[in-house]
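Chemist: Kindly return the folded structure for what I paste below:
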Amino acid sequence: VYVDDDEVMRLTVQGLLQRQGYRVSLAGDAAAALELVAAGGVDLVVSDFNMPGRTGLSLAADLRRLAPRLPLLISSGHITEDLREQARRLGVRALLRKEKTLEDLAGLVRRELALRR
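Modeler: Numbers count the residues shown, from 1 in each chain. Below you'll find the predicted structure:
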């Protein structure tokens, strides 16, 4: 599942990952992402950090309760030490710089899915 309130970003990432052979579900907010995870069949969640109403970290906290072993990656335009520490405590597998999403995401997805097998 790719979570971002920016529709252009969602569609761009979906195309990128589909070209790599992945099945990608999209969510425009944390609530929609949680519904997709609850429905089952999700192997990984990638979320934007800054979204209206909720952050990627609040989504991480909810995912830990709903699906504790599900890998979560968060992208952010501003990664601080505080964000790194909070993400680590919530079990976020990786933080990626938003501006490098298109370059780095496919490799991170491949790595995380390989670790699940």
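Chemist: Now do the SS call for the residue most central in space within the chain.
Modeler: When the chain is reduced to its mean C-alpha position, the closest residue under CA atoms, centre = their mean turns out to be residue 46, at 1.2 Å. Here residue 46 is strand, with the state taken from DSSP: H, G, I helix; E, B strand; the rest coil.
Chemist: Verify the stated contact: it with residue 9.
Modeler: No - with the criterion set as CB atoms under 8 Å, residue 46 and residue 9 do not qualify as a contacting pair; they are 10.9 Å apart. Where C-beta positions appear, they are placed from N, C-alpha and C, glycine not excepted.
Chemist: re earlier: state the number of residues packed around the closest residue to the residue nearest to the centre of the chain other than its chain neighbours.
Modeler: Spatial nearest neighbour of residue 46, chain neighbours left out: residue 73 (4.6 Å); criterion: CB to CB, 6 or more residues apart in numbering. Residue neighbour count, defined by other CB atoms under 10 Å, stands at 23 for residue 73.
Chemist: which helices and strands sit right next to the helix or strand harbouring residue 73?
Modeler: Element membership of residue 73, judged by DSSP states H and E, is strand 72-76. Taking 3 or more CB pairs under 8 Å, 6 or more residues apart in numbering; DSSP states H and E as contact, the helices and strands that strand 72-76 lies on are strand 45-48, helix 56-66, strand 94-97, helix 101-116.
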